[in-house]
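*Asks:* I'd like to go over a predicted model; first the sequence, then the structure.
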Amino acid sequence: MSSNQRTLIHFSSEYTLSLLAALYDQLKMNQFCDVSLVVNGQKFPAHRNILAAASPYFHAMFTGGLAESKENEIHLHGTSPHVFQVLLKFMYTGDIDITGDSCEDLLGAADLFGVPSILEASCLFLQQHLHPSNCLGIYQLAEAHCCKQLQSAAEEYISHHFLEVIKEDEFLALSKDTLIHFLACEDVHIDNEVQLLDAAIHWIRHDLSKRRILIFQFLAVIRFPLIQKTALDKSVCECKDLSLEVAIRKTAQDFVDVTRKSLIGCTASAQQVQFRVRKGARRKVMVIGGQRRDIGGKWNDAETLASVEMFDVTKMVRLLVPSMKYGRSSHACAILNGLVYVIGGESDSLIFDSVECYDPSTNSWNFAPSMVEPRCGHGAAVVDDCLYVLGGWVGSKNGNSIEMLNSEQSLIYVLGGIGEMGREVSVVESYDPVTKEWCRLSDMLTPRAHPGVCVSDDMIYVFGGMNEDEGPLRSVEKYDIFQDQWTVFTMLPSARAGVGVAYLNGLLYVLGGQTSSGCSYSDMYTINDVDCYDPTNDCWISLEPLSTGRSEGTVAVL
């Protein structure tokens, strides 16, 4: 025989199946069984070696020197005869039928006896059948058995359907700690903060004598500054318990007494959270200022806008918002402590150092402390509780300075723009406010100025912009923060620069901008297009346009 003869490796799935079938036949006919398992008085003959091979629980029982290793009859607890029969069949065949009636009990038994395949299948079944009437029970079941993936899926479902969940009986039986967890959740989907207060009152009133004492623990996670007085008064009147009324009004008054002015200068994040709208409740997009120029208009015919447009993306309705004190474009915008700051900018070649602040609770604009230097074309970012302003045009020069309105940690990213030589660049850098150090990162794939930028999870998206070689750009790039890597993203429906961008409830919105038929900055004109990117179908959807074309404005999500 040749020494270099090849080896044939053969695996027969039919043999495996026939072996399992033969073992199961022996079980059903009680052949060669050497142990009986008793569950609530019902006996199940079985083979020790099969049990030990299929379950770490039985392996430890039969090999660990326990008394059961020598007994012919073993009593089991923590399961029912029906569930154990299904479990035993799976150990011999690998087949199982999971139903809504047995799933939760099967999950518990699979966890007890250490059968991960059934545990995973049960979790998948429950995840596929989440409903407002059962999601809280599934969440607690997953938590009890350390099923992290199911627990995470149930938590996300509860957050997304919270207003439906609180109407179900499971909600009233919820533990105090679990309810506080969801009332404090940043991602809970609500229309307004008062709905969380109403949910807490509803839960307490179900067992008033025992739960009344817990009221202050719930009130501590309610963001009272976001609740309108009329809505608060209505909730208090409907709670119909004097002690609850006193507690709620006392807590609300404590926040009234602490003015916004004092909170802005305070670094206690717990207080500042009270003024921040939850992510799950952020459904409004503000488009602020900018400039408008019609097709064929001259460069100096551009109109600087003070107007603000706001719309609710879930209801697709426009909301009335007053204009800013001054029209401004090429400004920066950031949200700090629930207030929208509009910083610097320009109008008619005049560069501002002024800052205007929008308060959503009063629907009004006020002036905030001015910057140290006038700036336009700059950027702004909030890191923890601190507002940073970076670069831009400072007077007649390209600025490289940073200003700070007061905070702590995280990184600030600066992408593209126009460099010292007057050309668009692809440079990307990050700034660490703690070490005060800059770090050069991977360049963008395309040099661009005036792009739209937004952050989603651990990705930075850069939309459109312009460069001298190509003019307005359709291209979109995506940057992975952890991989330090840029990749091409789905292109915009049309080329444009100076767009506003928002990320909201898993969707990307691109608003307005300016475009041209050539590569020159001089023949640009503004557009009012609003497009939404749907990641599920990898496509852009055109929405109702802005009331006026605008570019180089800013966007805030509330």
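*Replies:* Now that the structure is in, tell me what you want to look at.
*Asks:* got a pLDDT number for the residue nearest the centre of the chain?
*Replies:* In the chain, the residue lying closest to the centroid (C-alpha atoms, centre = their mean) is Asp187, at 6.3 Å. pLDDT for Asp187: 91.
*Asks:* what's the helix or strand for it?
*Replies:* Following DSSP states H and E, one finds Asp187 outside all helices and strands.
*Asks:* Tell me who's in contact with it.
*Replies:* Asp187 makes contact with Glu156, Ser159, Arg278, Lys279, Gly280, according to C-beta atoms under 8 Å, 6 or more residues apart in numbering. All C-beta atoms are positioned from the backbone trio N, CA, C, and that covers glycine.
*Asks:* run the last query once more with 7 Å
*Replies:* Counting by C-beta atoms under 7 Å, 6 or more residues apart in numbering, Asp187 touches Ser159, Lys279, Gly280.
*Asks:* end to end, how far does stretch 337-356 reach?
*Replies:* Across stretch 337-356, the terminal residues are separated by 14 Å (C-alpha to C-alpha, to the nearest Å).
*Asks:* With stretch 531-550 instead?
*Replies:* OK, stretch 531-550 end separation, C-alpha to C-alpha: 14 Å.
*Asks:* which residues sit in contact with the nearest residue to Tyr509 once chain neighbours are set aside?
*Replies:* Distance criterion C-beta to C-beta, 6 or more residues apart in numbering; nearest residue to Tyr509, sequence neighbours excluded, is Ala502 at 4.4 Å. By C-beta under 7 Å, 6+ apart, Ala502 lies in contact with Val285, Cys454, Tyr509, Val555, Val557.
*Asks:* Include secondary structure, neighbour count and pLDDT when you put those into JSON lines, please.
*Replies:* Below are those laid out as JSON lines (DSSP: H, G, I helix; E, B strand; the rest coil; neighbours: other C-beta atoms under 10 Å; pLDDT from 0 to 100):
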{"residue": "Val285", "secondary structure": "strand", "neighbour count": "21", "pLDDT": "93"}
{"residue": "Cys454", "secondary structure": "strand", "neighbour count": "19", "pLDDT": "90"}
{"residue": "Tyr509", "secondary structure": "strand", "neighbour count": "23", "pLDDT": "94"}
{"residue": "Val555", "secondary structure": "strand", "neighbour count": "22", "pLDDT": "93"}
{"residue": "Val557", "secondary structure": "strand", "neighbour count": "19", "pLDDT": "89"}
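*Asks:* got any ranges where the stretch 201-350 of the chain has weak pLDDT?
*Replies:* Along the stretch 201-350 of the chain, the parts satisfying pLDDT under 70 run over 256-272, 296-300.
*Asks:* picking that back up, measure the residue nearest to Tyr509 to Thr362 for me?
*Replies:* For Ala502, the distance to Thr362 equals 23 Å [C-beta to C-beta, to the nearest Å].
*Asks:* Then His331?
*Replies:* In this view, His331 and Thr362 are 22 Å apart by C-beta to C-beta.
*Asks:* neighbour count winner among those two?
*Replies:* Legend: neighbour count by other C-beta atoms under 10 Å for His331 and Thr362, higher for His331 (30 against 9).
*Asks:* Contacts only, for that one.
*Replies:* Neighbouring residues of His331 by C-beta under 7 Å, 6+ apart: Gly289, Val342, Ile343, Gly344, Gly345, Cys376, Thr554.
*Asks:* Ok, Ser159 next?
*Replies:* By C-beta under 7 Å, 6+ apart, the contact list for Ser159 reads Cys185, Asp187, Val188, His189, Gly280.
*Asks:* Report the secondary structure state of it.
*Replies:* Recorded secondary structure, Ser159: helix (DSSP: H, G, I helix; E, B strand; the rest coil).
*Asks:* Wait, Arg283 touches Phe311, no?
*Replies:* No: counting by C-beta atoms under 7 Å, Arg283 does not reach Phe311; the two are 9.4 Å apart.
*Asks:* More neighbours: the two, which one.
*Replies:* Of the pair Arg283 and Phe311, Phe311 is the one with more neighbours under other C-beta under 10 Å, namely 23 against 18.
*Asks:* can I get the CA coordinates of the helix or strand hosting that one in PDB?
*Replies:* Assigned by DSSP H and E, Phe311 belongs to strand 308-312. Written as PDB, here are the backbone C-alpha positions of strand 308-312 (Å, rounded to 0.1, in the frame of the first residue of the first chain):
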ATOM      1  CA  VAL A 308     -37.000  78.000  13.600                       C
ATOM      2  CA  GLU A 309     -38.900  75.000  12.400                       C
ATOM      3  CA  MET A 310     -39.900  72.200  14.600                       C
ATOM      4  CA  PHE A 311     -41.800  69.000  13.800                       C
ATOM      5  CA  ASP A 312     -42.800  65.800  15.600                       C
END
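*Asks:* So which bits of it are buried?
*Replies:* The neighbour-count check on strand 308-312 (16 or more other C-beta atoms under 10 Å) flags Val308, Glu309, Met310, Phe311 as buried.
*Asks:* can you give me how far it is from the chain middle?
*Replies:* Centroid separation for strand 308-312 versus its chain: 22 Å, with C-alpha atoms, centre = their mean, to the nearest Å.
*Asks:* what packs against whatever helix or strand comes next after that strand?
*Replies:* Under the assignment DSSP H and E, the closest C-terminal helix or strand after strand 308-312 is strand 317-319. With contacts taken as 3 or more C-beta pairs under 7 Å, 6 or more residues apart in numbering; DSSP states H and E, strand 317-319 sits against strand 308-312.
*Asks:* what pairs with the strand it packs on, and is each one parallel or antiparallel?
*Replies:* According to DSSP bridges, strand 308-312 forms sheet pairs with strand 284-288 (antiparallel), strand 317-319 (antiparallel).
*Asks:* now those as JSON lines including distance to Gly513?
*Replies:* JSON lines is the format used below for those (distance: least, C-beta to C-beta, whole Å):
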{"stretch": "strand 284-288", "distance to Gly513": "11"}
{"stretch": "strand 317-319", "distance to Gly513": "19"}
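*Asks:* How about the secondary structure of Thr16?
*Replies:* Going by three-state DSSP, the state assigned to Thr16 is helix.
*Asks:* Span of stretch 47-62 from start to end?
*Replies:* Termini of stretch 47-62 sit 11 Å apart (C-alpha to C-alpha).
*Asks:* next one: stretch 432-441
*Replies:* Taking C-alpha to C-alpha, stretch 432-441 runs 13 Å from one end to the other.
*Asks:* Which residues does the helix or strand hosting Cys333 contact?
*Replies:* For Cys333, the enclosing helix or strand under DSSP H and E is strand 332-336. Residues outside strand 332-336 that contact it (C-beta under 7 Å, 6+ apart): 288, 340-344, 378-382, 387, 389, 554, 556.
*Asks:* Which strand residues bridge Asp359?
*Replies:* Taking DSSP bridges, one finds Ser364 as the beta-bridge partners of Asp359.
*Asks:* can you count the residues close to it?
*Replies:* Using other C-beta under 10 Å, the number of residues around Asp359 comes to 14.
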